Structures are given as structure tokens and as C-alpha cells.
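[1] With the input below, show me the fold.
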Amino acid sequence: MENIEKQQARETSVLKRRAFIKYAGASAGVAALVITGCDEDDTPANDNGVDLGSGDTGILNYAYALEQLEAAFYTAVTGNAAFSTIFSAEEQVILTDIRDHEIAHREFLKAALMGNAIGDLEVDFSSVNFADRASVLSTAKTFEDLGVAAYNGAGNLLEDVNLLLVAGKIVSVEARHAAAIRDLLNPKSADFAGNEVVDAMGLDGAKMPVEVLTAADPFIKTKVNGNNLPTE
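    Residues are numbered from 1 along each chain as shown. This next block holds a predicted model:
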């Protein structure tokens, strides 16, 4: 676990200087609006859990919590000793790229939230066997499908159109991840956009925060309170 934490710290540092700067720099104008557009909102931890907050700030913290979860998962995947034995060299590149994207998303949202960001969440991956390919990929599929549905559902709750633009940029990447993971599970099949996530109109599904947080809860030790998030 210590090696994973050290690896995550190194990767985060590199991404802050390179990938994250490149990612954020491409949307510098939008990022500035995101930062200045957030209202002051305390997010204390108490008996009710870590309060994500309300309004647009709450939605950003909601997304930040999910990106923390995904970044931690892929860091654990790529840092596990079995990584190079259960995945081919090409697959390792794919999963490492996904890890780097999730870390970049996490750091982007943290910077946008500034002092309004919730703290680091403690995750629980005890149900995942990181030495088993099927266990890793099925969990990745769960996270990616959930992430896409979460952003789709949260978009309608944002008031600032600039935040909606940022969310759209992130969810498009998450959808690429979802397709890639599905292809790793079932190579060259039609499952890259399965019927359970894409409807007859060719549209991805959307989930509201309460449903997403419930689905993510088994993987997060820290109690997360989304009671103050907007619902419409």
C-alpha cells in the first residue's frame, strides 16, 4: 500500500507540472470562470459525513469525489505487482492512460474548487482482487459507466453554462474510457456501447447524485453527504 501511495504522489506531481497544466491550459478561460464562479461554501466533516455543499459548488465537489475514487482505483491497478502479468503491454498502456486522465480530472476539479474543495476521501477496494483480470476490469466497467451517467445527470443541475462546458469535456473522456474498458472485457464485440447504458435513441443514460453516491458507497470509507446538492 505504501508503494502505491508513493507512486500516486509522484504521478500527481508530474501531472500537475505536465498533463494537468496542458489539460487545464487548453481551457484556461473556462477554468478561470469555474474558479471565480464558485460561491463560498463550507464542506465540514461531521456525524452526517463530508458535506459536498450546495449549488454549483456542491456539484463540482460531487464530481471531485468521483474523480478521487477513479484516480485511486487506477493507481492501485497500475501499482499492483500483478499488473504486468495479467495485462498485455498494450493493455497496460491503455490503463495507465486512463489513470493519468483520472488524476488530471481530479486535480483540475480540486484547483477549480480552491478552498471549497472537500478533503481527500478514504477508499475501500477490499472487494477487488487486483491480481485477477476479470475483477479489475469488471470494477473498472462499473466505475466508468457510473461516471458517465453521473456527469450526464449532473449537467442539468449546473447553473453556470461554463461549468456545463467543462463537464461536457470531462464526460466525453469518461465515455471513451467506458468503451475501452468494455472492449478489454469483450474484445471486438458490440458491448463497447451496451444496451444497458445506451438507449434506442443512441443516448447514454443519466443518473442523479443520490443514485450515484449509493452505488459508489461500498468503495468509499469516508461518509459522503450529498443532501444539500440540487435536485432539479
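
[2] Excluding chain neighbours, what is closest to Ser135?
    Asn129 (4.0 Å; C-beta to C-beta, 6 or more residues apart in numbering). For the C-beta atoms, the positions are set from N, CA and C on the backbone; glycine is no exception.

[3] What number of neighbouring residues does that neighbour come out with?
    14 (other C-beta atoms under 10 Å).

[4] residues touching the most centrally placed residue in the chain, list them.
    The C-alpha lying nearest the average C-alpha coordinate of the chain belongs to Glu67 (C-alpha atoms, centre = their mean; 2.6 Å). Contacts for Glu67 (C-beta atoms under 8 Å, 6 or more residues apart in numbering) come out as Glu102, His105, Arg106, Leu109.

[5] Ok, Gly153 next?
    Ala206, Lys207, Met208, Pro209, Glu211, Val212.

[6] Just put the residues you listed in CSV and tack on distance to Val198.
    Shown next, in CSV, are the contacts of Gly153 (distance: C-beta to C-beta, whole Å):
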residue, distance to Val198
Ala206, 12
Lys207, 14
Met208, 19
Pro209, 21
Glu211, 18
Val212, 18
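
[7] per-residue confidence at Leu164?
    Per-residue confidence at Leu164 stands at 91 (pLDDT).

[8] so it makes contact with Leu158?
    Yes - the pair Leu164 / Leu158 is scored as a contact, 5.0 Å apart, by C-beta atoms under 8 Å.

[9] Comparing these two, which shows the higher neighbour count?
    Here Leu164 and Leu158 are set side by side on neighbour count (other C-beta under 10 Å), and the busier one is Leu158, at 19 against 16.

[10] Out of the contacts of Glu67, the closest to Lys141 would be?
    Sorting the contacts of Glu67 by distance to Lys141 puts Glu102 at the head of the list, at 14.5 Å, by C-beta to C-beta.

[11] Where does the closest one sit, in terms of helix or strand?
    According to DSSP states H and E, Glu102 maps onto helix 89-113.

[12] For that helix, enumerate the helices and strands it packs against.
    Helix 89-113 is packed against helix 2-17, helix 19-25, helix 28-37, helix 55-79, helix 83-86, helix 161-185, with contacts defined by 3 or more C-beta pairs under 8 Å, 6 or more residues apart in numbering; DSSP states H and E.

[13] at 7 Å instead, please
    Contact partners of helix 89-113 among helices and strands, from 3 or more C-beta pairs under 7 Å, 6 or more residues apart in numbering; DSSP states H and E: helix 2-17, helix 19-25, helix 28-37, helix 55-79, helix 161-185.

[14] buried set for it?
    For helix 89-113, the buried set under the neighbour-count rule, 16 or more other C-beta atoms under 10 Å, comprises 94-96, 98-110, 112-113.
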